[in-house]
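Undergrad: My questions are about this predicted structure, shown below with the sequence.
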Amino acid sequence: MKLKNPPVNSLSLEMLTELVINLEKLENDKAVRGLVLTSEYPGIFSAGLDLMEMCGRNPAHYAEYWKALQEFWLKLYQSSLVVVAAINGASPAGGCLMSLICDYRILADNPKYTIGLNETLLGIVAPFWFKDTMVNTIGHRASERALQLGLLFPPAEALQVGLVDQVVPEDKLQSTALSVMAQWLAIPDHARQLTKTMMRKPTVDHLVKQRDADIQNFVSFVSRDSIQKSLQMYLQKLRQKKS
Ligand SMILES: CCCCCCC/C=C/C(=O)SCCNC(=O)CCNC(=O)[C@H](O)C(C)(C)COP(=O)(O)OP(=O)(O)OC[C@H]1O[C@@H](n2cnc3c(N)ncnc32)[C@H](O)[C@@H]1OP(=O)(O)O
């Protein structure tokens, strides 16, 4: 599946909805057992959540957006398919989260392709289920440091901390993803799927139990004037970077 939402594959409401629909279609197709997630635009895997969905909108929109994000996370994290992320570009914040909920992550070796949960750099806080996903991958201490500092790791460091499973030359990314997929598909589906469910259930339950409260929390947080100002300033900084 190729992520395709120009210019930076930000996770807009429309994109999240389409991703969930496509995932459902693939899961209902008995001929499909695995999925490689990559970007149509080498250089950018995903810029994360679409900041335009979080700026200057009304509470009903924020609630709808957050619910769609939760839906996407729940769908992909619990997918019965083998999901391999072939990360062919920068992967900040929500882009990193999307990679973390796959079963295996391969990052192309390019110093510009940084990955991490950098929310604090925007003056916002990664929600508990982003944090849980990261802790499950790299452990508590490394997550605490990475989350507080909003670290974006270049490939060698991402590999060292365990944020990705493999770093390969850019021209070997797709072939490596396919050979990793073959290795995972050699395991009987039912055994692998039950194991995945067992490993992920506590994290899933944590969010499921608090879904409504999490939406309310997001809506009230994002509606604050101070948060709106931080997000606007960050967007402005992104725009000024060009000039
Ligand atoms: C408030 C409550 C908070 C609760 C928690 C919320 C958790 C949040 C998770 C998130 O994912 S927040 C988003 C974090 N994302 C980022 O910090 C990435 C920002 N983008 C970049 O660093 C770069 O754009 C890039 C991805 C490295 C690509 O760089 P490049 O130089 O190739 O492109 P740019 O010129 O920077 O961008 C092109 C164009 O796209 C706009 N844009 C970039 N990122 C986003 C985004 N996340 N959402 C919306 N739009 C984005 C950027 O402003 C440019 O727009 P124009 O200037 O062309 O209009």
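TA: Received the coordinates, thanks.

Undergrad: what's around residue 224, how many residues?
TA: 10 (other C-beta atoms under 10 Å). Placement of C-beta: from N, CA and C, glycine included.

Undergrad: Next, give phi and psi for it.
TA: The phi/psi pair for residue 224 (degrees, to the nearest 10) reads phi -60, psi 140.

Undergrad: Surely residue 207 touches residue 73?
TA: Yes. At 7.3 Å, residue 207 counts as touching residue 73 under the criterion of C-beta atoms under 8 Å.

Undergrad: overlap in contacts of these two?
TA: Common contact partners of residue 207 and residue 73 (C-beta atoms under 8 Å, 6 or more residues apart in numbering): residue 129.

Undergrad: backbone phi and psi for residue 69, please?
TA: Main-chain dihedrals, residue 69, degrees, to the nearest 10: phi -70, psi -40.

Undergrad: Residue 57: how many residues sit nearby?
TA: For residue 57, using other C-beta under 10 Å, the count is 16.

Undergrad: again but with residue 217, I slipped
TA: 14.

Undergrad: Check residue 72 too.
TA: Other residues lying near residue 72 total 22 when counted by other C-beta under 10 Å.

Undergrad: repeat for the one 3 residues further on
TA: By other C-beta under 10 Å, the residues close to residue 75 number 18.

Undergrad: in which helix or strand would I find it?
TA: helix 59-77 (DSSP states H and E).

Undergrad: circling back to that earlier point, tell me which of residue 207 and residue 73 has more neighbours.
TA: residue 73 (24 against 18).

Undergrad: check contacts around that one.
TA: When contacts are counted by C-beta under 8 Å, 6+ apart, residue 73 touches 97, 101, 129, 133, 207.

Undergrad: which non-adjacent residue is nearest the residue nearest the centre of the chain?
TA: Residue closest to the average C-alpha location in the chain (C-alpha atoms, centre = their mean): residue 98, at 1.8 Å. Excluding the flanking residues, the one nearest residue 98 by C-beta to C-beta, 6 or more residues apart in numbering is residue 46, at 6.0 Å.
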